[in-house]
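A.B. asks: Pasted the sequence and its predicted model underneath.
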Amino acid sequence: METKAFELKENLYWVGGLDPDLRIFDIVMTTDFGTTYNAYLLKGKKAIVLIETIKNKDKFLKKFVARVKSALKENEKITHIILNHTEPDHSGQLLQLVQNKDLVDPKAKIYGTDQAIKYLAQIHNKPLNFVEAKDQEELDIGGYTLKFYRAPFLHWPDTMFTYCPELKTVFTCDFLGAHYSHNEITFDTLEGKKLEDYWSSFWNYYVPIFGPYKPYALQGLKILETLDIDMICVSHGPVLNGDFSKQIEKYRVWSQEEALKDKIIVACVSAYGFTYEMAKQIVKGIESKGVEVQLYDMVDTPKDKVLQEFGNAKGLILGTPTIVGEALPQIWDLALALNKVVHGNKRFCGCFGSYGWSGEGVQNIDQRFEQTKVLLPLEPLPINFRASEEDLIKCFKYGVNFAKAILKEEIDDDFKRKEKTNQAMGKKKRKKIRVPRDGRVRKWKCIVCGEIVLSIQCPVICNACGAGPEAFVLIGLVENNIAMNTYSGSIAIIGGGATAISAAKAIRERNITCKITIFTMEKHWPYYRPIITKYFSDQTITEKSNFYLINKEWALENKVDIHFETQVVGIDKEKKLVKYSNTKSKETDEIPYDKLILATGSDNFCPFRDIQKVNIMGIRDLDNVIKITDYIKTNKVKKATVIGGGLLGMEAAEGLVDLGLEVEIIEFAERVMPRQLDSQASSIVQKLLESHGITIKTGCLASELIQNEQGLTTGYKIKGSEEIHKTELIVFAIGVRSRTDLAMQISLDINRGIKVNDKMETSVKGIFAAGDCAEYDFQYQNWVSAIEQGKIAGLNAIEEKNSTYIRKSLPYSLIIFDTTIFSVGSIVEDKKIQTLSHTDNDANYIKAFFKNEKIVGGIVIGKLEMGLELKDAIEDGLNIKQVVPIIF
Ligand SMILES: Cc1cc2nc3c(=O)[nH]c(=O)nc-3n(C[C@H](O)[C@H](O)[C@H](O)COP(=O)(O)O)c2cc1C
């Protein structure tokens with residue numbers, strides 16, 4: 001194996017280098033278990049591709065060349081080189097390699113992102129045959145496709161992933177790697193102590209490499225989620241084969257940004273206690289605003305302890321005297337631990353201290369803060385020697401104002417940081433491109449790292465590389481002529497149905513800055529729920545693209561983070577936290593939110609309690625329908641009983657007939673679809689169902705179930721009769737109940753659903769509810785109104801003014817056995833109601849309901865377009881005279 005390529009899959013070889021003795025990497029990392037530089041060779045029919053090269057050290061070159069050669073036949077040469085990242089431990093051998101005419105075709109193309117090409121040109125200082133790998137672009141190498149995915153800051157701006165769908169393999173370079181040298185190459189061969197050591201190196205690798213880029217790491221995981229993979233070819237450490245879900249999960253957990261608390265750390269040193277006296281007053285000032293504060297004397301406090309406490313704190317105030325023209329080393333240590341990428345533009349900092357004559361201590365720390373681009377709300381506070389009574393009051397007020405900055409309150413003018421500070425320190429005034437105040441969102445590109453930032457004004461800092469405003473060039477406007485909404489909070493949406501997606505879509509149409517997180521219990525991408533019963537007759541329905549409301553690409557593009565198979569187990573409305581648990585791994589976590597949208601939907605009401613439900617099933621989501629279909633097929637079910645003759649009962653019955661079953665419907669009312677149809681329409685529908693062999697029993701209540709010892713339901717009795725009716729499967733569809741348990745936990749006002757106003761606001765500020773779980777004006781929702789309410793909830797969550805829900809007549813429409821059944825508005829008949837109807841034969845039926853001459857409801861069987869006319873007529877408030885010529 002020493003000098004031979006290691007075959008990972010057919011035509012895919014590991015050809016990298018092992019460096020087991022390395023103990024320090026990149027100056028900053030200790031590597032107790034050495035490392036590897038992984039490179040891969042993939043042989044297609046049209047091209048031979050090398051993915052990554054290895055470190056530029058002669059000791060690796062010979063073996064590397066031998067390994068590549070061992071995988072090539074005579075006359076075969078590398079024709080393409082892909083560099084997912086250009087750091088010299090992966091691109092180092094590039095030059096030697098392209099000059100090796102035995103191994104590499106002289107016309108070989110070198111693929112990398114635009115940034116990668118820029119860096120490679122500077123690293124190798126030679127013109128090479130570079131080709132830009134654009135995001136999502138594909139390369140056909142004969143029998144295999146290579147698709148590129150931009151993955152910036154994992155961990156340089158140049159990074160991308162390369163995916164081969166035919167091999168279910170992705171090449172992620174450093175992402176998910178570890179400094180661990182392993183002769184057997186693949187992860188599945190690690191065990192015992194070796195496995196333990198691998199995990200410790202996996203963590204040690206993550207911290208410095210991906211710790212500063214957590215949001216990007218989550219984006220990387222999102223890309224992987226969209227791919228069908230069974231192997232991850234990393235660039236350091238074992239190739240991930242077998243079960244690598246733990247690695248993915250660990251990255252996911254480690255990459256969650258901890259919510260910053262309204263907490264301030266004050267750390268100082270003091271020779272004679274003068275700076276310390278100031279510190280104590282500052283602390284009192286902070287406390288007076290009710291903000292948590294911790295004071296540390298750095299003479300006897302380890303730096304790491306303070307940094308750990310600062311981990312989730314919004315503020316840091318450093319106090320230092322001036323000793324021989326400088327701040328004290330303990331304070332410098334803390335100031336140097338700040339950096340642009342992690343703390344820039346996010347954390348609030350300030351400094352103070354006592355001095356004798358020149359006062360450079362505070363000045364220097366303040367300049368360091370400026371370099372790190374942290375938020376500096378206040379002027380620094382130097383005091384000459386010992387603080388007087390008056391000075392101590394100033395210190396107290398400094399604390400008050402720093403706390404105000406954290407709480408986003410207005411700061412007193414005396415303390416507010418002034419622009420002049422920069423000039424006074426001899427710094428150039430920030431160059432910032434000014435654009436019209438039209439509220440339109442623009443695309444800005446950071447010329448340092450290539451990051452694209454969407455914002456109205458020139459960004460103050462590049463959140464990726466920390467470059468200042470001078471690094472940004474304006475590259476265009478976001479394609480939308482309307483001024484975009486700029487709300488920048490975090491929005492959590494609970495539920496994965498149409499309401500939730502409608503909310504997310506409405507938000508994104510108006511706002512690209514806020515964070516959106518969706519939690520859904522389902523494992524499927526949100527789908528078109530009204531057609532799930534079609535699955536009974538067509539199990540390929542889920543493969544059709546129009547079955548889904550959104551897809552992975554949409555979620556990625558719109559930066560909507562979706563947690564599948566996740567149950568929200570609690571909401572802390574005071575701390576504004578959503579606590580959730582993965583239904584598979586049972587791992588729990590929490591995220592902070594600024595606005596919360598409850599779109600938890602509804603449950604099917606099951607009339608049978610406290611009995612085994614082996615063959616008693618409801619239909620609510622796709623998995624229910626899949627389960628019923630599987631059960632029917634596995635158990636060769638011949639006869640099914642549908643309990644409930646409403647809308648869903650009809651659809652279920654049709655689906656079961658399509659599956660070849662003998663079907664009966666039991667309806668408590670005297671006729672089918674009593675809520676949507678009048679008696680004539682009900683009888684037309686009943687005849688239609690009967691013509692397809694469905695038995696309909698109206699005016700019946702299935703009151704008692706007969707079960708065998710295995711808990712299988714074999715029959716039922718109808719109330720008032722002792723006769724046992726045999727059945728093999730019971731599907732219940734007798735109505736839904738709003739899912740309100742979470743709302744109940746946090747004491748929202750609930751009636752049948754969560755009570756909302758026309759802005760979809762619940763009784764708690766910042767929490768919205770929409771769709772089936774909500775109750776607006778005592779009304780239940782259907783698909784159309786749920787979508788509209790989702791939209792209104794989303795728009796109000798981003799504080800769009802004038803977004804109110806207007807109650808509309810809710811149409812119900814279904815097509816069974818190719819016949820449209822449509823009902824809209826109020827169809828109750830009483831003395832005050834006038835009706836007009838028309839029927840050709842049983843295939844076409846129209847009825848309109850009028851109150852005080854005005855149309856209020858309608859029923860159509862047969863022609864959907866007539867139903868839509870009726871709906872429009874109701875919305876337009878037409879009277880009989882206007883309706884008749886249109887409809888009849
Ligand atoms: C060894 C020494 C060197 C000092 N050097 C300076 C100096 O360069 N510039 C200055 O403004 N003050 C200097 N000072 C004065 C202190 O900054 C001053 O005494 C201050 O009040 C000490 O505050 P503290 O009690 O919080 O340590 C020096 C003090 C000492 C003891």
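C.D. replies: Everything's here; your move.

A.B. asks: Pull out the buried residues from whatever helix or strand residue 362 lives in.
C.D. replies: Using DSSP states H and E, residue 362 sits within helix 360-372. Applying a neighbour-count criterion of 16 or more other CB atoms under 10 Å, one finds 360, 361, 362, 363, 364, 365, 366, 367, 368, 369, 372 buried in helix 360-372. C-beta here means a position set from N, CA and C on the backbone, and glycine is covered the same way.

A.B. asks: and that helix, what other elements does it pack with?
C.D. replies: Other elements packing on helix 360-372 under the criterion 3 or more CB pairs under 8 Å, 6 or more residues apart in numbering; DSSP states H and E are helix 329-336, helix 340-343, strand 348-355, strand 381-384.

A.B. asks: Let's see that with 7 Å instead.
C.D. replies: Under the contact criterion of 3 or more CB pairs under 7 Å, 6 or more residues apart in numbering; DSSP states H and E, the helices and strands touching helix 360-372 comprise helix 329-336, strand 348-355.

A.B. asks: where does residue 465 land on pLDDT?
C.D. replies: pLDDT recorded at residue 465 is 74.

A.B. asks: Assign a three-state SS to residue 681, would you?
C.D. replies: In the three-state summary, residue 681 is assigned as helix, counting by DSSP: H, G, I helix; E, B strand; the rest coil.

A.B. asks: give me the number of residues near it?
C.D. replies: The number of residues packed near residue 681 is 25, by other CB atoms under 10 Å.

A.B. asks: got it, and residue 38?
C.D. replies: When neighbours are counted by other CB under 10 Å, residue 38 comes out with 25.

A.B. asks: if I read this right, it contacts residue 14, doesn't it?
C.D. replies: Yes - counting by CB atoms under 7 Å, residue 38 sits close enough to residue 14 to count as a contact (6.3 Å).

A.B. asks: intersection of neighbour lists for these two?
C.D. replies: Common contacts of residue 38 and residue 14, defined by CB atoms under 7 Å, 6 or more residues apart in numbering, comprise residue 239.

A.B. asks: before we move on, the earlier item: would CSV of the helices and strands packed on helix 360-372 with distance to the ligand, mean pLDDT and mean neighbour count be doable?
C.D. replies: Converted to CSV, those look like this (distance: least, CB to the nearest ligand atom, whole Å; pLDDT from 0 to 100; neighbours: other CB atoms under 10 Å):
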stretch, distance to the ligand, mean pLDDT, mean neighbour count
helix 329-336, 11, 96, 18
strand 348-355, 4, 97, 26
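
A.B. asks: so where do the helices sit in the stretch 551-700 of the chain?
C.D. replies: In chain order, the stretch 551-700 of the chain shows helices spanning 552-557, 622-634, 647-658, 679-691, with DSSP state H, counting those that start in this stretch as the criterion.

A.B. asks: distance between the second one and the chain's centre?
C.D. replies: When you say that, I think you mean helix 622-634. For helix 622-634, the distance between its averaged C-alpha position and the chain's averaged C-alpha position is 29 Å (CA atoms, centre = their mean, to the nearest Å).

A.B. asks: hmm, back to that, for the helix holding residue 362, what does the pLDDT average out to?
C.D. replies: Helix 360-372 carries an average pLDDT of 95.

A.B. asks: tell me the angle of it relative to helix 329-336?
C.D. replies: Between the axes of helix 360-372 and helix 329-336, defined by axes from the mean of the first three to the mean of the last three CA atoms, to 10 degrees, the angle is 20 degrees.

A.B. asks: Helix 360-372 and the ligand in contact?
C.D. replies: No - counting by CB under 6 Å from any ligand atom, the ligand has no neighbours in helix 360-372; the shortest distance is 6.5 Å.

A.B. asks: what's that helix in contact with?
C.D. replies: 318, 320-322, 325-327, 331, 335, 338-340, 343-344, 349, 351-353, 355, 376, 380, 382, 425.

A.B. asks: Now for the buried residues of helix 360-372: which two are most distant?
C.D. replies: Pairwise distances across the buried residues of helix 360-372 peak at 18.4 Å for 360 and 372 (criterion: CB to CB).

A.B. asks: any idea how far the closest residue in space to residue 729 that isn't next to it in sequence is from the ligand?
C.D. replies: Of all residues not flanking residue 729 in the chain, residue 640 sits nearest, at 4.2 Å (CB to CB, 6 or more residues apart in numbering). Residue 640 sits 84 Å away from the ligand, taking CB to the nearest ligand atom, to the nearest Å as the criterion.

A.B. asks: Repeat that for residue 229.
C.D. replies: Counting by CB to the nearest ligand atom, the gap from residue 229 to the ligand is 59 Å.

A.B. asks: about what we covered before: among the buried residues of helix 360-372, find me the one that's closest to residue 95.
C.D. replies: Of all the buried residues of helix 360-372, the one with the least separation from residue 95 (CB to CB) is residue 372, at 36.3 Å.

A.B. asks: the helices in the stretch 701-850 of the chain, which residues?
C.D. replies: 741-745, 783-797.

A.B. asks: The ligand: which of these is closest?
C.D. replies: Nearest to the ligand among the helices of the stretch 701-850 of the chain is helix 783-797 (48.9 Å), distances taken as CB to the nearest ligand atom.

A.B. asks: All set now, cheers.
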